[in-house]
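Participant: Have a look at this fold, sequence not included:
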């Protein structure tokens, strides 16, 4: 089955700097890659996703890039703010009647004021 | 606003005492999922309903059951909770299995005494 790995497990950046979080996946058939943000005591919130027919997608300060050849995708957050501090999960899935999301272990992002 | 609602937000039960967690959605989505999330871990899929069709993950213990009486509601029943079942339980929905964006509720934190 699919295996999604996320590195590093923690990341600390200064407010205003950029943060990059990288995930790798194992199943070349995976074609959907969402990113979730989870704040303490809350459920995960979908912040951006990308499908395998595109290499990059951007939404304001957040972007995701996908390298299908290398089987990795990355979340880029520019101009980080303290409210960006949270746990970020990447996930992967493929097409199919019972397709499911396989999550990475999550990374804790801390933005220092 | 359309949303995924989980009740209660916090649930305390005793070892071996059956407990039911509930989830409702106003999104009119066909698919509803239950995840278990332990501290500092990724969400782990327990099962999902595609409409009335129940799909159990192979490694979900028999102690966990689910019911979906209608489109809007889904319940998670834990027949005999053990200490290892203490976790956050997340409900999520998606429009269809082909539409893989999943929308999560805020979760129910289960404590087993």
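Facilitator: Yep, it's here. On a predicted model such as this, the values are computed, not experimentally measured, just so you know.

Participant: Residues of chain A that sit close to chain B?
Facilitator: Applying Cβ under 8 Å from any Cβ of the partner chain, one finds that chain A approaches chain B through A:32, A:34, A:36, A:41-46, A:49, A:89, A:93, A:95-101, A:103-106. (C-beta placed from N, C-alpha, C; glycine too.)

Participant: wait, residue A:42 sits on residue B:107?
Facilitator: Yes - counting by Cβ atoms under 8 Å, residue B:107 is a contact partner of residue A:42 at 7.1 Å.

Participant: Which one's more surrounded, these two?
Facilitator: Of the pair residue A:42 and residue B:107, residue B:107 is the one with more neighbours under other Cβ atoms under 10 Å in any protein chain shown, namely 25 against 15.

Participant: OK, contacts around that one?
Facilitator: Residues in contact with residue B:107 (Cβ atoms under 8 Å, 6 or more residues apart in numbering or on different chains) are A:41, A:42, A:43, B:6, B:9, B:37, B:88, B:89, B:90, B:91.

Participant: how far away is it from residue A:41?
Facilitator: For residue B:107, the distance to residue A:41 (Cβ to Cβ, to the nearest Å) stands at 8 Å.

Participant: neighbours around residue 49, how many?
Facilitator: Just so you know, I chose chain A. Residues lying near residue A:49 (other Cβ under 10 Å) number 18.

Participant: looking at chain B here, not the other one
Facilitator: 19.

Participant: contacting residues around the strand or helix carrying it?
Facilitator: Assigned by DSSP states H and E, residue B:49 belongs to strand B:44-50. Outside strand B:44-50, the residues that touch it by Cβ under 8 Å, 6+ apart are A:97-98, A:100-101, B:30-38, B:54-57, B:60, B:64, B:66, B:68, B:74, B:76, B:97.

Participant: Pull out the buried residues from the residues you listed.
Facilitator: Neighbour-count burial (16 or more other Cβ atoms under 10 Å in any protein chain shown) applied to the contacts of strand B:44-50 gives A:100-101, B:30-37, B:55, B:60, B:64, B:66, B:68, B:74, B:76, B:97.

Participant: so what strands line up beside the helix or strand bottoming out on mean pLDDT in chain B?
Facilitator: Within chain B, judged by mean pLDDT, DSSP states H and E, the helix or strand with the poorest mean is strand B:53-56; its value is a mean of 92. Partner strands and pairing direction for strand B:53-56 (DSSP bridges) are strand B:44-50 (antiparallel).

Participant: Now stretch A:73-83: buried residues?
Facilitator: A:73, A:74, A:75, A:76, A:77, A:80.

Participant: Now tabulate these in JSON lines and tack on pLDDT and secondary structure.
Facilitator: Listed next are those as JSON lines, based on pLDDT from 0 to 100; DSSP: H, G, I helix; E, B strand; the rest coil:
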{"residue": "A:73", "pLDDT": "96", "secondary structure": "strand"}
{"residue": "A:74", "pLDDT": "96", "secondary structure": "strand"}
{"residue": "A:75", "pLDDT": "97", "secondary structure": "strand"}
{"residue": "A:76", "pLDDT": "97", "secondary structure": "strand"}
{"residue": "A:77", "pLDDT": "97", "secondary structure": "strand"}
{"residue": "A:80", "pLDDT": "97", "secondary structure": "coil"}
